[in-house]
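[1] quick one, what's the 3D model for this:
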Amino acid sequence: METIKLKQVILEQKIANLKGKFLDDNSYDRVITEDCDAYDINGKLLFRYRKNAIPLETLQLGYNAFKDSITLTDGRGTASGSSHKRIRKDGSISNITIGNKVFSGNVGYMDAGAMVHYCRKTAFARDYFDKFKQGLPFVEFIDKKYEELCPVHYKKQIAIAKGTNRNYRLGETSFTTVTVNRNFQTAIHKDAGDLPDGFGNLIVYREGNYTGSYFCLPEYRVAIDMQNCDILFADVHRWHGNTPFKDCSEDFMRIAFVLYYREYMYKCKQPAEELFDIKMKENGFFTL
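    Take a look at the predicted model:
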């Protein structure tokens, strides 16, 4: 296994000015294809990449269980390559920020936000609960790899997860949510909404043929070629994105899984208490 130190070649501000722009094949100097740990020049971990770390049957289980969560959505913001206010049918501008339409979905649980003011299951977990449960061994396997490869970050995240209402946690793992993307080239962005003290991950399920779609850290001019059964733990609070798909067969498919703990899930109450708050806000009194 190789251990490398990477210098920040492009300054933070210059990359920040490219937020929401798409990477190309001039965005990297090196492609990682074998086991590798990478650090910045100050010794801070950038990523850990392991080939063939996930049994194929476990990866396929995750794909089969969670694939139906994917829908066409405009809710991925900057990662989709655009972030703008929604225009209402009457031409007025909404306060809701949207992005380009991409194929993406969420599995598990969501915390309260600007649009939905309570903690809840995702639509997939609610409507396909049996499939949701079938995918938990996949989540548990990734959790074990997280503990093994990133123990410092894992220790912080599992402590928060154990203090979270178990109705909003993926089994006994450190995760609350899985984002599932299909054939989605993400633009330059930093992840938001996840636990700041955690460490990101990426797992890819591939079918058909294509090249490219590397995970790229453009500040460091480095990219990682994710194949079936590989696992990547990366600092997703640094600027990152994907390079373009190339040489695609008609049946190509790239499913990307990202597992994380949503930042404010520890605030979630018992479902009955969440329901009470909803009814009180909507009606001013509680009714079932």
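
[2] mind checking pLDDT for the residue nearest in space to the middle of the chain?
    Geometric centre of the chain, nearest residue: Val258, 3.4 Å, by C-alpha atoms, centre = their mean. pLDDT recorded at Val258 is 98.

[3] next: Asp74.
    The predicted local confidence for Asp74 is 86.

[4] at which residues are the helices of this structure located?
    12-16, 56-66, 123-127, 129-134, 136-149, 151-162, 271-283 (DSSP state H).

[5] what is the rounded mean pLDDT of the fourth one?
    Same thing as helix 129-134. The model assigns helix 129-134 a mean pLDDT of 95.

[6] in it, what's buried?
    For helix 129-134, a neighbour-count test (16 or more other C-beta atoms under 10 Å) marks Lys131, Phe132 as buried. C-betas here are computed from N, CA, C, even on glycine.

[7] just stretch 69-86 next, same as before
    Ser69, Ile70, Thr73, Asp74, Arg76, Gly77, Thr78, Ala79, Ser80, Gly81, Ser82, Ser83.

[8] Arg126: which of these is nearest?
    Nearest to Arg126 out of the buried residues of stretch 69-86 is Ser69 (C-beta to C-beta; 11.0 Å).

[9] please name the nearest non-neighbouring residue to the closest one.
    Nearest non-adjacent residue to Ser69, counting by C-beta to C-beta, 6 or more residues apart in numbering: Gly105, 3.3 Å away.

[10] that neighbour touches Thr73, doesn't it?
    Yes. Under the criterion of C-beta atoms under 8 Å, Gly105 makes contact with Thr73 at 7.5 Å.

[11] bridged to Lys246, which residues?
    On the basis of DSSP bridges, Lys246 is bridged to Thr211.

[12] number of nearby residues for it?
    Using other C-beta atoms under 10 Å, Lys246 is surrounded by 10 other residues.

[13] that one and Tyr210 touch, don't they?
    Yes. Counting by C-beta under 8 Å, Tyr210 is a contact partner of Lys246 at 6.8 Å.

[14] pretty sure the residue nearest to the centre of the chain sits against Thr186.
    No. Using C-beta under 8 Å, Val258 is not in contact with Thr186, being 10.1 Å away.

[15] about what we covered before: for the residue nearest to the centre of the chain, what are its contacts?
    Remark: with contacts taken as C-beta atoms under 8 Å, 6 or more residues apart in numbering, Val258 is in contact with Val178, Thr179, Asn181, Gly200, Asn201, Leu202, Val236.

[16] out of those, who's nearest Thr33?
    Nearest to Thr33 among the contacts of Val258, with distances taken as C-beta to C-beta, is Leu202, at 15.0 Å.

[17] so for stretch 214-222, first residue to last residue, what's the gap.
    End-to-end distance of stretch 214-222: 9 Å, with C-alpha to C-alpha, to the nearest Å as the criterion.

[18] give the rounded mean pLDDT of it.
    The model assigns stretch 214-222 a mean pLDDT of 97.

[19] how far off centre is it?
    Taking C-alpha atoms, centre = their mean, to the nearest Å, the mean C-alpha location of stretch 214-222 is offset from the chain mean by 17 Å.

[20] run a quick neighbour tally on the nearest residue to Ile255 once chain neighbours are set aside.
    Distance criterion C-beta to C-beta, 6+ apart; nearest residue to Ile255, sequence neighbours excluded, is Tyr205 at 4.2 Å. Other residues near Tyr205 number 23, with proximity taken as other C-beta under 10 Å.

[21] can you tell me how far Tyr205 sits from Phe252?
    12 Å (C-beta to C-beta, to the nearest Å).

[22] okay, now the unreliable bits of the stretch 151-288 of the chain?
    Along the stretch 151-288 of the chain, the parts satisfying pLDDT under 70 run over 271-288.

[23] who does Lys121 bridge with?
    Beta bridges link Lys121 to Tyr109, judged by DSSP bridges.
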